[in-house]
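Any chance you could fold what I've pasted below:
(chains A, B, C and D)
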Number of protein chains: 2
Amino acid sequence: MTKLREPLEEIAGCSLSAALEVMGERWSFLILRASFNGLHHFEEFQATLGIARNILANRLGRLVQHGILARTPMPDDRRKIEYRLTQKGSELLPSMLALRQWGEKWESGFPSTPVLVDSRDNQPIRRIAIQAHDGRVLPYEELMWMHAEDVKPLGQTTVQLISEAA
Amino acid sequence: MTKLREPLEEIAGCSLSAALEVMGERWSFLILRASFNGLHHFEEFQATLGIARNILANRLGRLVQHGILARTPMPDDRRKIEYRLTQKGSELLPSMLALRQWGEKWESGFPSTPVLVDSRDNQPIRRIAIQAHDGRVLPYEELMWMHAEDVKPLGQTTVQLISEAA
DNA sequence: GTTGCAAGTTGCAACTAGAAACTTATAATT
DNA sequence: AATTATAAGTTTCTAGTTGCAACTTGCAAC
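Reported below is the predicted structural model:
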């Protein structure tokens, strides 16, 4: 009930800590993955993940508290509770995919299944990457950290040329 | 020393589990973030993250074991150990950014600093997103899961048109 | 060769995860 | 209506993990 663990949040002054505060516990991401794959019920999660029931209850509760899953008793059978991804939850998909793609490349060595495809043409999505504002894929060597206040917005090309000339 | 915890790896048959096996523990991602931001030494990590020394030692050891950080004693002062990101480690940047961007939007509410920019023009990178093979940004609703074996490769446009016509 | 410092270890208390049995609310069967 | 079954949790108890603070070890400086 109590929470004596120092939240990671303050420490690093970065929203990464805030994200980890919500998703950084063991099992949270795997429950999320199961949700993305269409599981909605306690027993489904329990059976497919093999997670202990008390931990599962705890994690589902946390995910609901943080607005990542919505908890609804089914109207036709009110024993059944449905856990469904919220908007907030579904926007974790890029994080999950990036992590999965890294795991494929550096750990498991083989492509994961199921595969995420564009529903218009059933073709697999592009690999997640870091891109410049114009869409060029940027390798790590071409990146730099800057203080936010030192970044000068460029705007549209014409505006940019004018202000550069001035 | 012992590892009696069931590895998450097998359970979900997905490389997400493999990635979490390496990066899913408390502090691992924050240590990584600190590395990305130019910290290289034990005492630097300890002071800026406020992590307990034994945990830090443990996590650094794990990250080194998994090839995410390289551990090198400095030649000029062999008390100092340098921890530096490997290729494998630096390729976690997309995952970290995606998580951070999600945290910005849904948890902290403000942009994190420092900001990652394209070093050619000092402009901030594009937001991480899921894209179709042709680069269109795909919202969650336009995505679908498919079994890998059901995905028919399309190849180049010309080839694609020919095979579609046949 | 004593003092200082970086990078760890060790010991102990508090907390968290896991396995299995138990509870509670609803639904299906007799 | 009473019995049995099922979904979703709790509880209990053990084992493993985290965190703090004090201690060690290897090298460097004076």
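
near DNA strand D, which residues of chain A show up?
Chain A comes close to DNA strand D at residues A:5-6, A:41-44, A:53-54, A:57, A:60, A:71, A:79-82, as judged by Cβ under 7 Å from any atom of the strand. C-beta coordinates here come from the backbone N, C-alpha and C atoms, glycine included.

Most neighbours among the residues you listed, please name it.
Using other Cβ atoms under 10 Å in any protein chain shown as the neighbour test, those are led by residue A:60, with 21 neighbours.

what's the pLDDT at it?
As summarised for this prediction, residue A:60 has a pLDDT of 98.

If we ignore the residues flanking it in sequence, what's nearest it?
Spatial nearest neighbour of residue A:60, excluding adjacent residues (Cβ to Cβ, 6 or more residues apart in numbering or on different chains): residue A:83 at 6.1 Å.

repeat for residue A:35
According to Cβ to Cβ, 6+ apart, the nearest residue to residue A:35 is residue A:85 (5.1 Å).

Roughly how far does the one you found sit from DNA strand D?
Separation of residue A:85 from DNA strand D (Cβ to the nearest atom of the strand, to the nearest Å): 15 Å.

give me the number of residues near residue A:18?
24.

Which element, helix or strand, includes it?
Following DSSP states H and E, the helix or strand that holds residue A:18 is helix A:15-23.

Which ones among the residues of chain A next to DNA strand D map onto helices?
Using DSSP state H, the subset of the residues of chain A next to DNA strand D located in helices is A:42, A:43, A:44, A:53, A:54, A:57, A:60.

what's the spacing between the residue nearest to residue A:34 when sequence neighbours are not counted and residue B:131?
Leaving aside its sequence neighbours, residue A:34 sits nearest to residue A:45 (Cβ to Cβ, 6+ apart; 5.6 Å). Applying Cβ to Cβ, to the nearest Å, the value for residue A:45 to residue B:131 is 30 Å.

And those two? Which one has more around it.
residue A:45 (22 against 19).

Please give me every residue in contact with the more buried one.
A:31, A:34, A:39, A:51, A:56, A:60, A:83 (Cβ atoms under 8 Å, 6 or more residues apart in numbering or on different chains).

Which ones among these map onto strands?
Here DSSP state E is the test, and the contacts of residue A:45 give residue A:83 as lying in strands.

The contacts of residue A:45: which two are farthest apart?
Farthest pair in these (Cβ to Cβ) is A:51 and A:83. Separation: 13.6 Å.

Walking through chain A, point out its strands one by one.
Shown for chain A, the strands assigned by DSSP E span residues A:69-73, A:81-85, A:115-118, A:123-124, A:143-146.

Parallel or antiparallel, list what pairs with the shortest one.
This points to strand A:123-124. Paired with strand A:123-124 in the same sheet, following DSSP bridges, are strand A:115-118 (antiparallel).
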